Each structure stands twice: as structure tokens, then as C-alpha cells.
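J.: From the sequence below, what's the structure:
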Amino acid sequence: MKTSTTITTALAGVLTAVVLLTGSAMQSPAGAAIRMSHAFESTDSLIAEFLRALEKDDADALRRLRVTEAEYREILLPGSVREGQPLRHYTKEVADFAWGNLDTRSRYHELALLQGYRGRHFAVKAVDYDKGVGRYANHTAYRQLRLTLDEPNAGKEVRLGTGSIVEIDGRYKFISFIND
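T.: Numbers count the residues shown, from 1 in each chain. Take a look at the predicted model:
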């Protein structure tokens, strides 16, 4: 039994070293790639669902568009280093603080979005990212989404600013709704 545990521990250490050295996709201990749940195939489809959630005043649908705590802790936080750099490991206290700060601030921005845009129907005219696109060890961030929207029922153009989008393996979700 002790030999089996030692071999398992050694293999887990080797797997971790390979992932860190290659900068490849994050792997779970079982070897399966960690993927984002309920992610979208394009930023266009993610943005369309975002606008639909606002129109329907659906806080739960809006929240599902954002990365989960596990996705943040296991993928984004460790991978938030330059391309080609090894993934970074954080203490539980640092990870707790980072997630808590991101989640709390994003929830306040979700409320503001719902209050400001609920029940309104929009058509997308233009999509911009105020802080550009950033490439990291295991993901790409489209920072600070800015939408130019047509509101046909009101006959006017609207600018909507919100947080950032993450892309991992061709799948997209919001990192947060924090509008910096």
C-alpha cells in the first residue's frame, strides 16, 4: 500500500512538472483537460446571450455567463502570466482574496447592468475592447467590452460598457462584469 501511494504521489508530481514546463492546458489529476462549463463558441453568441439576459431581467442567466469560482481558481488565476511562462501557484489565502474581490465587485456590476438595461431590446452595431486583447499562459482576455447598440423601440443608439471576456480553447465566457 505504501509503495502504491509513493508511486501515485511521484506520478502526480511528474504530471504537474510537465504541465508547468510545457505551459499546456491545465490538467486535472485524472489527466482530463479542465474546460469551462456553459461556455460559448464565439464572442458574438456570448454577447447575444448577455443582451438576452438583460432584456429578460434574468440575474441567474447573467451570472451563468461568467466564469465559476473553480474556473477562476484552477484556470485563470494560475494562467495569468505571460505566454510561455510557467503557471503560477497561489496560497489559499491569496486565491480566496482574489476570487472574493472579483466575485463581489462583479455581482454589484451585475445589479447595475440589470437596473440600467432590464427589459430593453438591443441590436449590436459595434463591439470594441477598450483595453485590448491580452494573451496569457493558458487563455486570452478581451479586456473591457464596449458595445455600441441600437435600441429600435426607442429609436436611439446606446453605449454599454462592461467587464472582460476570456477565451480558452475556442470557448468564451465573461471573466467579470466589472467596468473599469
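J.: Rounded mean pLDDT for the longest helix seen in the chain, please.
T.: Criterion DSSP state H: the longest helix present in the chain is helix 92-117. Average pLDDT, helix 92-117: 97.
J.: Start the count at 49 instead of 1 going forward.
T.: Let's use 49 as the start, then, which means that last one is helix 140-165.
J.: mind listing what's buried in it?
T.: Within helix 140-165, the residues scored as buried using 16 or more other C-beta atoms under 10 Å are 143, 146-147, 150-151, 153-155, 157-158, 161-162, 165. All C-beta atoms are positioned from the backbone trio N, CA, C, and that covers glycine.
J.: The residues you listed into TSV, with extra columns for distance to residue 208?
T.: Formatted as TSV, the buried residues of helix 140-165 follow (distance: C-beta to C-beta, whole Å):
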residue	distance to residue 208
143	31
146	26
147	26
150	20
151	21
153	18
154	16
155	18
157	12
158	13
161	8
162	12
165	7
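J.: quick one: low-confidence ranges for the protein?
T.: 49-82 (pLDDT under 70).
J.: Tell me which stretches of it form strands.
T.: Ranges of strands in the chain, per DSSP state E, are 171-177, 181-183, 188-190, 193-199, 204-209, 213-216, 219-222.
J.: Tell me which of those sits nearest to residue 115.
T.: Proximity to residue 115 (C-beta to C-beta) singles out strand 219-222 among these, at 5.3 Å.
J.: Can I get the closest one as PDB, trimmed to CA atoms?
T.: C-alpha atoms of strand 219-222 as PDB (Å, rounded to 0.1, in the frame of the first residue of the first chain):
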ATOM      1  CA  ARG A 219     -14.700  28.800 -25.900                       C
ATOM      2  CA  TYR A 220     -15.800  32.100 -24.400                       C
ATOM      3  CA  LYS A 221     -17.200  33.400 -21.100                       C
ATOM      4  CA  PHE A 222     -17.100  36.600 -19.100                       C
END
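J.: Can you tell me what sits against that strand?
T.: With contacts defined as C-beta atoms under 8 Å, 6 or more residues apart in numbering, strand 219-222 is touched by 83-84, 86-91, 93-94, 98, 113-115, 119, 210-214.
J.: Could you check how many residues crowd around the nearest residue to residue 94 once chain neighbours are set aside?
T.: Distances taken as C-beta to C-beta, 6 or more residues apart in numbering place residue 88 nearest to residue 94, at 4.1 Å, with adjacent residues excluded. Using other C-beta atoms under 10 Å, residue 88 has 21 neighbouring residues.
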